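Novice: when you get a sec, could you give me coordinates for this:
(2 chains)
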2 protein chains.
Amino acid sequence: MDTANLRKRIADLRAEFEERLAALVTIPTVSMDPGRRAEMDACAALAGRYLREAGARVDVIETGGFPLLLGRIGEDPTLPTVTIYNHLDVQPAEAADGWRTPPFQLTRDATGDRWFARGTTDDKGPALTALYGARLAIETGVRANLQFLWELEEEIGSPNFSKGLAAAIAGDPAGGRRAFATESVVVSDTIWTAAGHPSISYGLRGLMGFTIALETGAKDVHSGTTGGAARNPIGELAGLLSAMYDARTGKVKIPGFYLDVRRISAAERRGFGRAGFSRRRFAAAHELKSLRPLRSDLDALAALIAAPTLEVHGIVGGYTGPGIKTIVPHRAEAKLSTRLVPDQDPAKVFRLIKRFVKERLPDAVVTHEASLEPYLAPTGGPYNAAAAAAVRATFGKEPAFVREGGSIGAVLTMRRLLKAPVIFLGLSLPEHGYHAINENFDWGQASGGMEMFCRYFHEIARGSARGSKHG
Amino acid sequence: MDTANLRKRIADLRAEFEERLAALVTIPTVSMDPGRRAEMDACAALAGRYLREAGARVDVIETGGFPLLLGRIGEDPTLPTVTIYNHLDVQPAEAADGWRTPPFQLTRDATGDRWFARGTTDDKGPALTALYGARLAIETGVRANLQFLWELEEEIGSPNFSKGLAAAIAGDPAGGRRAFATESVVVSDTIWTAAGHPSISYGLRGLMGFTIALETGAKDVHSGTTGGAARNPIGELAGLLSAMYDARTGKVKIPGFYLDVRRISAAERRGFGRAGFSRRRFAAAHELKSLRPLRSDLDALAALIAAPTLEVHGIVGGYTGPGIKTIVPHRAEAKLSTRLVPDQDPAKVFRLIKRFVKERLPDAVVTHEASLEPYLAPTGGPYNAAAAAAVRATFGKEPAFVREGGSIGAVLTMRRLLKAPVIFLGLSLPEHGYHAINENFDWGQASGGMEMFCRYFHEIARGSARGSKHG
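Specialist: Sure, this is the predicted structure:
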């Protein structure tokens, strides 16, 4: 493959790529909003058109929730088949939250190389980038079948992905759909540890979300007439939260919580050390004023990707208007989750937490909201080797093998149902504002990503990964 | 005074009283809402009309905030002058908060003896009751001057009352307004400890309201990508709150907080014991499911009226919508107050709290919101004796001398500017829903109140209190 020609071709595709990304982000595919069916269908139709224009046969699978798109380029049983997973649904975004540009309209910054809009980096930009990588691979004669799985429910934990994928695997001769099989999966929904430092993730944290509600009365009451004898549910929840964890350090105090945490090996730790992580740049990228007291950059990175957390997302209850209102609230609810690492089990962690809470506050109500198991891909092996080779050739740097702090529900489903190794080739950067206001993506990552994916597909086709399903 | 005739006359006045109370509560005099100027003026006009119809000369004093009404019945310098304080502004009320009837429309219950609406018990009902008591006293030949001070800013801490009262004391010959002087003040804005157990309050708790804000970033961030290294301001505030007090028991852990609390005397404690307080009835009246672990009814009452508190009114920040959203919040603010008892000083308590917070969370911002000193009226003395005699003759029971758990800013101002003893003759009951939804007042308390005030004014006129300014 001629690198100069490849890069020239990528530069020529830029205007079209930008136009297509702009069209995709204009559709507010907010999966948390059940009223977005029309937007989801519109996005599936548009994305289906892009897949077809790249040479794919497209199936839209009805999952019971929002649809799942399948696109297949090449169906030669003698060639290796790679599946590329992305999602096209997005987090909610409201202009009033502090966006500097309209959240559902692609806006270029002054350099022209950075695009702001919800979904640019998570995950419409990487999805389109991988598709352009596939197109380049085909143009350069790749000998592999490329299959696309584009989901519209990732941001709500992929509740119907398993059903949709099972239907795809079963096939549907009546509808003309053939069975879906693959030798490997690459997921492009992860984040480099630092700009300029390509990293390949080999693990995800799991998630267990829950709420704790405490109701001590039927209505808010006057703190003058009842204060002193009335219980204060916010105060008691605050006491409970501080018994559950030390928020200053993050250390969870629930007995047994850390019991199943697998130790990080010396090799993993060395890999983390090569990822270019810096607390200063991390804080700047996420606009954090200060961080928890972590002794080193490496300790901080390990806390982000290889250690479990307890997080308070919000407390509902009491007076939240201007000034103060001297009430004793009658109800408070804390919204929490834990991020989990191998080999923690979400169901077991929920049991530990529920027992801990009920021992201290018997009238609190603990409600399970969501569970995702942690995931650990094989380290090493042919697929990671192919990924590393693609990264090296594209970005001129050795990738660091790290883990991801987030959770992707579809990964666990794909490993289970497709019985194929799932690896990660992400393109997002910390400063891209994942799940935050002013989300953005940039031409550097998009153009590099196209080249990287093109090279990755050629690596697979060259057989470096052929023959092993356990890469 | 012929009791049978007096009660017959009160029964005859009932329809008119109800009609006037209904007209008063229809005007939403929500002082927290600065946009209610028209309603305040309408209420002042209506209340002025009621005062004039009872024979008063009325002045409306512009305070810079909402107006203050003065009404004078009788101006004979050889007679004793009693000032009656009430307020006509109310707490906010929204139908959506759980009101069973429209909050600003008087609605009778099935018996016809109980009226629901915001302001019925706090404090429009008692204001009108005291006015009817004055009318009855005049009809029965009372030899005293009766002065009314009706405020429209009590629920916001009486920010302009001091200025308004000073203007009234100074008088204004140009405006025809004479100087305002009095030998004693009676405030009717307090609550009996229990229905059927008349109580006379001789003290108020003070108040010191404040907020604690902690901002750890510029925006909410993703708990997958930042959780473990990012600080969690809700978690840290929860830890701080639980260091400040044990919410389960209410015990404040801030060093020095209890240092200036005056011990309750044995005589006071005996008085509390006669007030008919029961934890069961208290919990039922305020619709509380359970109370703090207090060993006896007497301990619970003492905690409500003679001990300071720390209260969390609300926490702002984080995600509060349905389900959970896996963010790390960037800011949290807790809204708090302490109720204070003699001889605690709000300014000193604020300093103690601020120091405590800053030692633990140097980047937290502690903001003072409001201060009211605690108040202790003289116990015993001629005014309390007159009040006790009026209660005894009206309700056939010995009143219990207790304190009030709430705070009334105007009381401190009147003691300072009028240099006269301030005593309390309240009519509200715990089940009347002070500051709560479904606020109500009832004919039993209104009719008894009219008789009690009539008798109280006669007691003063008879000279039982004349000659002492120190009650």
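Novice: doesn't A:L427 make contact with A:S188?
Specialist: Yes. Counting by Cβ atoms under 8 Å, A:S188 does reach A:L427; the two are 6.4 Å apart. Where you see a C-beta, it was placed from the backbone N, CA and C, and this is true even at glycine.
Novice: for A:L136, give me its contacts.
Specialist: A:6, A:9-10, A:450-451, A:453-454 (Cβ atoms under 8 Å, 6 or more residues apart in numbering or on different chains).
Novice: before we move on, the earlier item: between A:S188 and A:L427, tell me which one has more neighbours.
Specialist: The neighbour comparison of A:S188 against A:L427 (other Cβ atoms under 10 Å in any protein chain shown) goes to A:L427, with 27 against 23.
Novice: backbone dihedrals for the closest residue to the more buried one other than its chain neighbours, both of them.
Specialist: Using Cβ to Cβ, 6 or more residues apart in numbering or on different chains and skipping the chain neighbours, the partner closest in space to A:L427 is A:G449 (4.3 Å). The phi/psi pair for A:G449 (degrees, to the nearest 10) reads phi -60, psi -40.
Novice: and the one 5 residues further on, by the same measure?
Specialist: A:C454 has phi and psi values of phi -60, psi -50 when expressed as degrees, to the nearest 10.
Novice: how many neighbours does it have?
Specialist: 28.
Novice: now it: closest residue in space, sequence neighbours ignored.
Specialist: Per Cβ to Cβ, 6+ apart, closest to A:C454 is A:L136, 4.0 Å.
Novice: helix, strand or coil: sort out that neighbour for me.
Specialist: Secondary structure, DSSP: H, G, I helix; E, B strand; the rest coil: A:L136 is helix.
Novice: ok so, going back, who touches both of A:S188 and A:L427?
Specialist: A:126, A:129, A:449.
Novice: from A:T413, how far off is the first one?
Specialist: Spelled out, it's A:P126. 19 Å (Cβ to Cβ, to the nearest Å).
Novice: out of those two, which sits in the busier spot?
Specialist: A:P126 (27 against 19).
Novice: surely the more buried one is in contact with A:S428?
Specialist: Yes. In this structure A:P126 lies within contact range of A:S428 using Cβ under 8 Å: 6.8 Å.
Novice: which residues do the two both contact?
Specialist: A:189, A:441.
Novice: give the buried residues for stretch A:17-34.
Specialist: For stretch A:17-34, the neighbour count (16 or more other Cβ atoms under 10 Å in any protein chain shown) marks A:17-18, A:20-32 as buried.
Novice: could you export it as PDB, CA atoms only?
Specialist: Written as PDB, here are the backbone C-alpha positions of stretch A:17-34 (Å, rounded to 0.1, in the frame of the first residue of the first chain):
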ATOM      1  CA  PHE A  17     -16.700  13.000   5.100                       C
ATOM      2  CA  GLU A  18     -17.500  16.400   6.800                       C
ATOM      3  CA  GLU A  19     -20.700  16.800   5.000                       C
ATOM      4  CA  ARG A  20     -21.900  13.300   5.900                       C
ATOM      5  CA  LEU A  21     -20.800  13.700   9.600                       C
ATOM      6  CA  ALA A  22     -22.700  17.000   9.600                       C
ATOM      7  CA  ALA A  23     -25.800  15.300   8.300                       C
ATOM      8  CA  LEU A  24     -25.600  12.500  10.900                       C
ATOM      9  CA  VAL A  25     -25.200  14.900  13.900                       C
ATOM     10  CA  THR A  26     -28.100  17.000  12.800                       C
ATOM     11  CA  ILE A  27     -30.400  14.100  13.800                       C
ATOM     12  CA  PRO A  28     -30.800  14.200  17.600                       C
ATOM     13  CA  THR A  29     -30.700  10.400  18.200                       C
ATOM     14  CA  VAL A  30     -31.000  10.700  22.000                       C
ATOM     15  CA  SER A  31     -31.800   7.200  23.000                       C
ATOM     16  CA  MET A  32     -32.700   8.100  26.600                       C
ATOM     17  CA  ASP A  33     -35.800   9.900  25.100                       C
ATOM     18  CA  PRO A  34     -38.400   7.300  24.100                       C
END
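Novice: list the contacts for A:H87?
Specialist: A:H87 neighbours (Cβ under 8 Å, 6+ apart): A:123, A:127, A:150-155, A:189, A:410.
Novice: stretch A:141-157: end-to-end distance?
Specialist: End-to-end distance for stretch A:141-157, by Cα to Cα, to the nearest Å: 37 Å.
Novice: just to revisit the earlier point, pick the one among the contacts of A:H87 closest to B:A95.
Specialist: A:E155 (35.7 Å; Cβ to Cβ).
Novice: check the closest one and give its pLDDT.
Specialist: With respect to pLDDT, A:E155 scores 90.
Novice: hmm, it is touching A:R36, no?
Specialist: No. Using Cβ under 8 Å, A:E155 is not in contact with A:R36, being 11.3 Å away.
Novice: what residues do those two have in common as contacts?
Specialist: In contact with both A:E155 and A:R36: A:V30, using Cβ under 8 Å, 6+ apart.
Novice: where's A:A243, which helix or strand?
Specialist: Here A:A243, judged by DSSP states H and E, is contained in helix A:233-244.
Novice: err, A:L24, not the other one
Specialist: A:L24 belongs to helix A:3-26, assigned by DSSP H and E.
Novice: which strands and helices sit next to that helix?
Specialist: If contacts are counted by 3 or more Cβ pairs under 8 Å, 6 or more residues apart in numbering or on different chains; DSSP states H and E, helix A:3-26 sits against helix A:37-53, strand A:114-116, helix A:125-139, helix A:443-461.
Novice: which residues of the stretch 301-450 of chain A score low on pLDDT?
Specialist: Residues of the stretch 301-450 of chain A meeting the criterion pLDDT under 70: none.
Novice: which residues in it form helices?
Specialist: A:346-360, A:381-395, A:409-418, A:443-461 (DSSP state H, counting those that start in this stretch).
Novice: now check stretch A:351-368, is it near chain B?
Specialist: Yes. Counting by Cβ under 8 Å from any Cβ of the partner chain, chain B has neighbours in stretch A:351-368: A:D363.
Novice: helix, strand or coil for A:F210?
Specialist: With three-state DSSP as the criterion, A:F210 reads strand.
Novice: how about the nearest residue to A:T182 once chain neighbours are set aside, phi and psi?
Specialist: Counting by Cβ to Cβ, 6+ apart, A:T83 is the residue found nearest to A:T182 once chain neighbours are left out, at 4.1 Å. In terms of degrees, to the nearest 10, the main-chain angles of A:T83 are phi -110, psi 130.
Novice: buried residues of the helix holding A:A243, list them for me.
Specialist: A:233-244.
Novice: from those residues, which is closest to B:I61?
Specialist: Closest to B:I61, out of all of the buried residues of helix A:233-244 and judged by Cβ to Cβ, is A:I234, at 39.9 Å.
Novice: of all the helices and strands packed on helix A:3-26, which lies closest to B:P382?
Specialist: Closest among the helices and strands packed on helix A:3-26, using Cβ to Cβ: strand A:114-116, at 76.1 Å.
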